[in-house]
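>>> From the sequence below, what's the structure:
(one chain, ligands or ions: 1)
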Amino acid sequence: MLRKDTFTEEQNAIRDMMRKFVDNEIMPIRRELETDPQLVESVFQKLVDLGIQKAGYPPEYGGTGPGSPTTLGIVCEELARGDAGISVSCGINAGFVLQAAMVAGNKAVLDKFIPPFCGDKINYACLAMTDSTGGADTENPLLKGRGIKTRAVLDGDEWVINGSKSWPTHAGISSVYFTVCNTDYEQGEDGIALIFVPGDTPGLSFGKPEDKMGFKTSVNASIFYDNVRVPKEYRLVGPGPDAHFYYATMAGTQWHSSVIALGIMRAVFEIILEYTEGRESGGKPVRQWSMVAGILADMAIRMEMTRGAVYNYAYMMEHPEVYGPPFTKEMVAKASIVRSYASDSCVWITNKAVELMGSNGLSPEYHLEKYLRDSKITQIWLGGQQISKYRIANGYYDYSIY
Ligand SMILES: Cc1cc2nc3c(=O)[nH]c(=O)nc-3n(C[C@H](O)[C@H](O)[C@H](O)COP(=O)(O)OP(=O)(O)OC[C@H]3O[C@@H](n4cnc5c(N)ncnc54)[C@H](O)[C@@H]3O)c2cc1C
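Take a look at the predicted model:
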């Protein structure tokens, strides 16, 4: 549920453009995209040609940004209506990874890593958070950095990184790895270090791409850091601010997950509204039966509440003078509320839609089974729903174990 003036004219035009793009370039090949990486590349290249990749970057580097969360939300929501994997890739490449460096003004990082994203070729970025020892520990703010096991040690003018990450999107194909490290577990949050690692650094290696039930159009793999050395200026800022930026990244990624969930819900709702109109039972369209109408109404409630929450939170991120910076416990908690509600609603809606379609719901021909597979991942990543609940509780009272 949104006010009519939520979006500017320009944002409405971007939504129309993205909707057409998805209808023409993604919807007709949704099934094929899941098994044909070259087809996925060709869609990405069209997005680059549209100027989406450089949209989040500053003009001095060739970008057309800075973008706003609302505009990014519109683009990623529309893309997720077509394909969630393409949507998550787009969000990551169009600035998510380098956003912290842009806000912090780390010129060494910006000069080195931004230009390839503003060219006319596809360029991938990777947000390397999830340690192989457990994503929940890496993302649990109650552990105050102690769960982050990838280690960074300063040796002269270089950081030396050792450890491993599991499942990051774009592992193995990126030009930059925004790596969440720890310099000293005993220091708690002061030990958190965010370090940008070039993709061709010696000592960096990757596992084979993961096979997974959904998000098949984006690549996930393990990353291994074996005495990986990078210049010390590739650390984002330093002790203290890096923890703030990590929490801001947690908030931003939770919100992005909600945007993707919203796009999936919209696609599913469109499909099931149409199907239950054409399919008859007892001589009338299935959706004219009250039990079905009630389920469709429940879907609408969850979708509209998610839509309102997603763009409300985008507005809050755009107005730190009112709502505070994005790393506060309150802002992180609110992002987790939106994510938690959005992903549970997304799974509920897709699951119910499959039921309402009967056996056809299980057939790839009708696409719902794809959205069901994709929807589950919005509950799993970013530490999972349980860690989201910790973040939420932590925003309302002092919930600390250290
Ligand atoms: C499609 C996809 C894309 C991804 N993209 C990225 C990415 O770009 N970057 C990145 O870094 N990672 C990424 N991941 C990894 C993802 O974020 C992690 O898998 C996720 O955080 C969960 O970590 P885990 O699998 O290690 O689960 P675990 O940490 O082993 O947790 C397993 C379960 O136990 C629960 N649990 C653990 N500890 C607690 C606790 N203390 N209290 C209550 N419950 C607990 C968790 O909530 C979870 O349900 C991606 C994963 C997928 C599937």
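
>>> Now do stretch 275-293: distance to the chain's middle.
36 Å (CA atoms, centre = their mean, to the nearest Å).

>>> Kindly list the longest helix within this protein.
helix 241-278 (DSSP state H).

>>> Okay, buried residues for that helix please.
242-269, 271-272, 275-276 (16 or more other CB atoms under 10 Å). Yep, even glycine has a C-beta here, placed from its N, CA and C like the rest.

>>> mean confidence score for the helix or strand just after that helix?
Tracing the chain C-terminally past helix 241-278 and defining elements by DSSP states H and E, one meets strand 280-281 next. The pLDDT scores in strand 280-281 average 97.

>>> Strand 280-281 - which strands sit beside it in the sheet, and in what orientation?
When pairs are called by DSSP bridges, strand 280-281 turns out to pair with strand 284-285 (antiparallel).

>>> Show residues contacting the partner strand.
Contacting residues not belonging to strand 284-285 are listed as 276-279 [CB atoms under 8 Å, 6 or more residues apart in numbering].

>>> which of those come close to the ligand?
The subset of the contacts of strand 284-285 within reach of the ligand, counting by CB under 6 Å from any ligand atom, is empty.

>>> Give me every residue in the protein lying close to the ligand.
Residues of the chain lying close to the ligand (CB under 6 Å from any ligand atom) are 127-130, 134-137, 139-140, 165, 167-169, 212, 215, 220, 377, 380-384, 386-387.

>>> And those residues, which of them are buried?
Judged by 16+ other CB under 10 Å, buried ones among these: 127-130, 135-137, 139-140, 165, 167-169, 215, 220, 377, 381-383, 387.

>>> ok, whichever residue of the stretch 1-150 of the chain sits closest to the ligand to Gly147 distance?
Among all residues of the stretch 1-150 of the chain, Gly135 sits closest to the ligand, at 2.2 Å; criterion: CB to the nearest ligand atom. Distance, Gly135 to Gly147, by CB to CB, to the nearest Å: 9 Å.

>>> tally of neighbours for the residue nearest to Ala108 when sequence neighbours are not counted?
Excluding the flanking residues, the one nearest Ala108 by CB to CB, 6 or more residues apart in numbering is Glu233, at 4.0 Å. Per other CB atoms under 10 Å, the neighbour tally for Glu233 reads 15.

>>> Kindly report the same for the one 4 residues further on.
Val237 has 18 neighbours, counted by other CB under 10 Å.
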